[in-house]
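>>> what's the 3D shape of this:
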Amino acid sequence: MAERLHCEIKRRSRVASLFPNEASVLRLVTAIHIEVSEDWETGGVYLPI
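Prediction:
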């Protein structure tokens, strides 16, 4: 799962390749982590029953 998360961060940061400061990069990474976390909590796709 960590590798998938890193690939997603890399993919999205390539789109906005120039960041004005460190805070903007942190904001992007945090948003990606929140989105993945919500998918895990509500999706149920990762743990089939």
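>>> low-scoring pLDDT stretches of the protein, where are they?
Along the chain, the parts satisfying pLDDT under 70 run over 44-49.
>>> Could I get the full set of strands for it?
Using DSSP state E, the chain contains no strands.
>>> Show me which helix runs longest in it.
Identified as the longest helix of the chain according to DSSP state H is helix 22-43.
>>> For it, buried residues please.
For helix 22-43, burial by neighbour count (16 or more other Cβ atoms under 10 Å) applies to 28, 32, 36. Using the backbone N, CA and C atoms, a C-beta is placed for each residue, glycine as well.
>>> pretty sure the first one is touching Ser13, no?
It stands for Leu28. Yes: taking Cβ atoms under 8 Å as the contact criterion, Leu28 and Ser13 are neighbours in contact, 6.4 Å apart.
>>> Now do the contacts for the most centrally placed residue in the chain.
Per Cα atoms, centre = their mean, the C-alpha nearest to the average position across the chain is that of Ile32, at 2.6 Å. Going by Cβ atoms under 8 Å, 6 or more residues apart in numbering, Ile32 touches 5, 8-9, 12.
>>> out of the residues you listed, which one sits closest to Glu22?
When these are compared for distance to Glu22 (Cβ to Cβ), Ile9 wins out at 14.7 Å.
>>> neighbours of Arg12, just the number please.
By the criterion of other Cβ atoms under 10 Å, Arg12 has 14 neighbours.
>>> quick one, what contacts it?
28, 32.
>>> Can you give me the distance of it to Asn21?
Between Arg12 and Asn21 the computed distance is 17 Å (Cβ to Cβ, to the nearest Å).
>>> Output the buried residues of helix 22-43 in TSV, with distance to Gly43 appended to each entry.
Below are these laid out as TSV (distance: Cβ to Cβ, whole Å):
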residue	distance to Gly43
Leu28	22
Ile32	15
Val36	10
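>>> which one of these sits closest to Ser17?
Closest to Ser17 out of those is Leu28 (11.6 Å), distances taken as Cβ to Cβ.
>>> With His6 as the reference, measure out to that closest one.
13 Å.
>>> Would you mind putting the CA coordinates of stretch 2-21 into CSV?
Coordinates of the C-alpha atoms in stretch 2-21 are reproduced here as CSV (Å, rounded to 0.1, in the frame of the first residue of the first chain):
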residue,chain,number,x,y,z
ALA,A,2,2.8,2.4,0.8
GLU,A,3,4.3,1.9,-2.7
ARG,A,4,0.9,2.7,-4.3
LEU,A,5,0.7,5.9,-2.1
HIS,A,6,4.2,7.0,-3.2
CYS,A,7,3.3,6.4,-6.9
GLU,A,8,0.2,8.5,-6.5
ILE,A,9,2.1,11.3,-4.9
LYS,A,10,4.7,11.2,-7.7
ARG,A,11,2.0,11.1,-10.4
ARG,A,12,0.2,14.1,-9.0
SER,A,13,3.3,16.1,-8.2
ARG,A,14,4.5,15.7,-11.9
VAL,A,15,1.4,17.6,-13.0
ALA,A,16,2.3,20.6,-10.9
SER,A,17,6.0,20.3,-11.2
LEU,A,18,6.9,23.7,-9.9
PHE,A,19,5.9,24.4,-6.3
PRO,A,20,6.2,28.0,-4.9
ASN,A,21,7.2,26.8,-1.4
